Structures are given as structure tokens and as C-alpha cells.
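Peer 1: predicted coordinates and the sequence they were generated for:
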Amino acid sequence: MRLSITAFAPLGLSLLLGIGATGSAQAVATLVVDRGLPVANLTTPNLNISAGVNRSNVDWSGYTAGGQSFITGDTFQMPVDQQWTIDTIRTWSPAIPLAGSDTLGSLYSSITLYADLYSNLGNDPATWAINKAGTISGNTSNNDITFTRVLYQDATAPNDDYQGQSGTWSQIWQVDFKNLNWVVTPGDWIVFGVDAAALTTLPWSNHASNAALSNSPQQDADDFFTFINMTAGFYGDWYDCDSASDPECVWGNSSDINVQVFATPAPGSLALALIGLFGLSAARRTEARSTAARCAP
């Protein structure tokens with residue numbers, strides 16, 4: 001028995017639109033950029049101070065100098081296959097000292113994600129496409145910003161938390177900036193930075209890692225990160241910290257800010273996919289009718 005693709009067209013439509021059994025649209029964002037946290041090598045852990053020159057993890061914080069404020073950031077590229085709507089951008093920070101009883105809210109009053117096309121770097125970050133800000137209370141935030149405490153995967157205690165250059169230990173917090181609804185074109189390069197308003201002398205820092213030593217996907221890593229100038233409205237220099245000539249670096253390896261991006265196909269991309277699906281269905285029906293006509297007595 002020969003089955004027609006027409007019978008499966010409604011199923012294809014449901015899959016493309018994420019329509020469940022109830023008939024309601026449930027678009028599911030998928031991971032499209034993966035530059036997540038490093039993991040320990042099973043034979044030689046590349047995490048924290050004990051790893052020595054093989055250490056893969058580091059964090060970079062912003063600073064203020066000459067009346068100008070800088071935050072740390074980086075770039076990533078969207079997939080080139082179709083137009084996307086970015087739903088969530090995820091970053092990490094060793095934000096809370098392991099010792100003591102601090103919460104995110106006792107150390108920081110608010111947090112902000114800044115993001116825009118790389119071509120707009122010369123613009124004031126306050127005017128960038130994404131300025132996702134939320135207040136912090138305890139270990140929670142508002143405005144679709146969520147915090148989750150995480151540990152390094154495949155690591156054994158006590159190397160499951162983050163150890164700073166001075167030897168102090170910190171909790172690692174994952175930050176999800178959700179419901180961004182940002183439509184970008186295929187292959188767009190995006191620049192981003194995250195900062196939080198500190199209530200103490202402890203500045204917000206963003207987790208980074210060396211791509212070659214991370215033992216995890218490090219998509220779009222180029223061994224550079226940047227300081228974004230929040231005061232003058234332009235980005236700072238790009239730093240490759242395996243060079244002793246970089247005054248901002250106190251580490252011997254290159255690094256990129258860790259980031260993951262979750263997105264759904266933009267409406268235009270879905271429409272094109274549906275056109276292709278139903279075009280194929282129509283072609284099959286035409287072929288079937290032609291075959292039937294040739295076989296008719």
C-alpha cells in the first residue's frame with residue numbers, strides 16, 4: 001500500500017509549530033549556540049588552581065577607571081541556516097563566596113543583560129537592542145530573569161565549585177535571561193555583556209574558559225573577550241590573556257565568556273518551511289493523479 005504525504009501534512013504542521021495534543025501553539029526554544037561551562041578531564045582535571053597551567057576556568061569582572069565604567073562581554077554567531085528569534089541568553093558567574101551566608105540579593109541590587117548586533121558596537125549600550133534588567137531579592141529576580149546554582153559536571157569535591165585566583169571558593173550561579181523575543185538574521189554576530197549593581201566591594205564577574213582546555217563545546221570561541229565601555233558609549237579592547245603584554249590580564253591562558261543561546265525559528269522561517277511541506281504534498285498528489293490516469297482502462 002502506498003501512503004500519501006498528504007496524510008502526514010497535519011503532523012508536519014504540528015511539529016513545525018510546536019502544537020501539542022491540546023491544539024495550542026507551544027514553540028520550544030532549542031540550543032543554537034553552545035559555549036557552556038568547562039568540565040573536568042577524567043584523567044587530568046583542568047579546573048581551579050590545582051590544574052596549574054592546564055587550568056581552563058576563569059572569571060572576569062568589570063572595573064571603573066578615569067570616571068569610565070567597563071563591563072565584561074564577548075560575541076557569538078547565530079546559525080546561518082535560517083532566521084531565528086532569540087528567546088534566552090544564558091551566562092554564569094561565581095557570584096557568591098562559598099563561605100558565609102550571603103545571597104545574590106545581599107551582594108547585588110539588580111542585574112542587566114546588554115546585547116546587540118556586533119555592527120552596533122559603537123553605539124551607547126543603553127540604546128542596544130536588548131537591555132534586560134531585573135531587581136534581585138534573595139536568590140531570585142523579576143522580569144523573566146532566573147538564577148540557578150550549579151556545579152561543574154564530572155568534577156569531584158571539592159573541585160565542584162569555583163576557585164578564584166587567590167584561592168577563595170565561590171558558588172557558581174547560572175543566569176537565564178528569558179523571553180527576549182529578539183528576531184535576528186542568519187549568521188548575525190551578536191555582542192553581549194552582563195553586569196550587576198554591587199552593594200559591596202565585590203563586583204559582578206562573568207565566567208569564562210579556555211576553549212582548548214574546556215573539554216566541552218566552545219562554539220564561536222576565538223580566545224578573546226572584551227571590556228565594554230558603559231560610560232563613553234563604545235566598546236573597549238579585546239583581550240587575549242595568554243599574552244603578558246595585556247595589562248588587564250592576570251592569567252596565562254586565552255579565554256572566552258561562556259554563553260548559551262536558545263532560540264526558535266522566526267515566523268518567516270516557519271512559513272517557508274510550511275510552503276515547502278505543502279508544496280511537496282501538492283507535487284505528490286499531482287504525481288498520484290497522473291499515475292492513476294495512465295493506468296486507467
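Peer 2: Received it, and whenever you're ready, just let me know what you need. Computed from a predicted structure; not experimentally measured.
Peer 1: any idea how far apart the tips of stretch 61-68 sit?
Peer 2: Using Cα to Cα, to the nearest Å, one end of stretch 61-68 lies 14 Å from the other.
Peer 1: so which bits of that stretch are buried?
Peer 2: Under the neighbour-count criterion of 16 or more other Cβ atoms under 10 Å, stretch 61-68 has 61, 62 buried. Where C-beta positions appear, they are placed from N, C-alpha and C, glycine not excepted.
Peer 1: now do the helices in the stretch 151-297 of the chain.
Peer 2: Applying DSSP state H, counting those that start in this stretch to the stretch 151-297 of the chain gives helices spanning 211-214, 267-295.
Peer 1: my guess is residue 77 contacts residue 190. True?
Peer 2: Yes: using Cβ atoms under 8 Å, residue 77 is in contact with residue 190, at 7.4 Å.
Peer 1: so between the two, which is more surrounded?
Peer 2: residue 190 (24 against 16; other Cβ atoms under 10 Å).
Peer 1: got the contact list for residue 182?
Peer 2: Residues in contact with residue 182 (Cβ atoms under 8 Å, 6 or more residues apart in numbering) are 85, 86, 115, 129, 130.
Peer 1: pLDDT below threshold where in the stretch 1-150 of the chain?
Peer 2: Applying pLDDT under 70 to the stretch 1-150 of the chain picks out residues 1-26, 40-46.
Peer 1: helices of that one, start to end?
Peer 2: 9-17, 104-107.
Peer 1: convert the shortest one to CSV, retaining C-alpha atoms only.
Peer 2: Right, the one you point to is helix 104-107. The C-alpha trace of helix 104-107 is given here as CSV (Å, rounded to 0.1, in the frame of the first residue of the first chain):
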residue,chain,number,x,y,z
LEU,A,104,22.7,37.3,45.5
GLY,A,105,20.3,40.0,46.9
SER,A,106,22.7,40.8,49.7
LEU,A,107,25.5,41.5,47.3
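Peer 1: so what's the residue count around residue 119?
Peer 2: Residue 119 has 10 neighbouring residues, counting by other Cβ under 10 Å.
Peer 1: just give the nearest non-adjacent residue to it, would you?
Peer 2: Leaving aside its sequence neighbours, residue 119 sits nearest to residue 189 (Cβ to Cβ, 6 or more residues apart in numbering; 7.8 Å).
Peer 1: measure stretch 64-80 end to end?
Peer 2: End-to-end distance of stretch 64-80 (Cα to Cα): 37 Å.
Peer 1: meant to ask about stretch 64-73
Peer 2: End-to-end distance for stretch 64-73: 15 Å, by Cα to Cα.
Peer 1: residues in contact with that stretch?
Peer 2: For stretch 64-73, the surrounding residues in contact (Cβ under 8 Å, 6+ apart) are 60-63, 114, 191-195, 204-206, 208, 225-232, 235-236, 257.
Peer 1: give me the buried entries from the residues you listed.
Peer 2: Among those, those classed as buried by neighbour count (16+ other Cβ under 10 Å) are 60-62, 114, 191-195, 204-206, 208, 225-230, 235-236, 257.
Peer 1: how many neighbours does residue 85 have?
Peer 2: Per other Cβ under 10 Å, the neighbour tally for residue 85 reads 19.
Peer 1: if I pick it, what's in contact with it?
Peer 2: Residue 85 sits next to 181, 182, 183, 184, 263, 264, 265, 266, 267 when contact means Cβ under 8 Å, 6+ apart.
Peer 1: would you list those residues in CSV and tack on pLDDT and distance to residue 141?
Peer 2: Shown next, in CSV, are those (pLDDT from 0 to 100; distance: Cβ to Cβ, whole Å):
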residue, pLDDT, distance to residue 141
181, 97, 18
182, 98, 19
183, 97, 24
184, 97, 24
263, 98, 22
264, 97, 23
265, 95, 28
266, 88, 27
267, 82, 29
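Peer 1: and which of these is nearest to residue 90?
Peer 2: Closest approach to residue 90 among the contacts of residue 85 (Cβ to Cβ): residue 263, at 11.8 Å.
Peer 1: next, count neighbours for the nearest residue to that closest one once chain neighbours are set aside.
Peer 2: When the adjacent residues along the chain are set aside, residue 263 lies closest to residue 84, with 4.2 Å between them (Cβ to Cβ, 6+ apart). Residue 84 has 25 neighbours, counted by other Cβ under 10 Å.
Peer 1: how about residue 53?
Peer 2: Neighbours of residue 53 using other Cβ under 10 Å come to 8.
Peer 1: test my guess that it contacts residue 242.
Peer 2: No: Residue 53 lies out of contact with residue 242 (Cβ under 8 Å); the separation is 10.3 Å.
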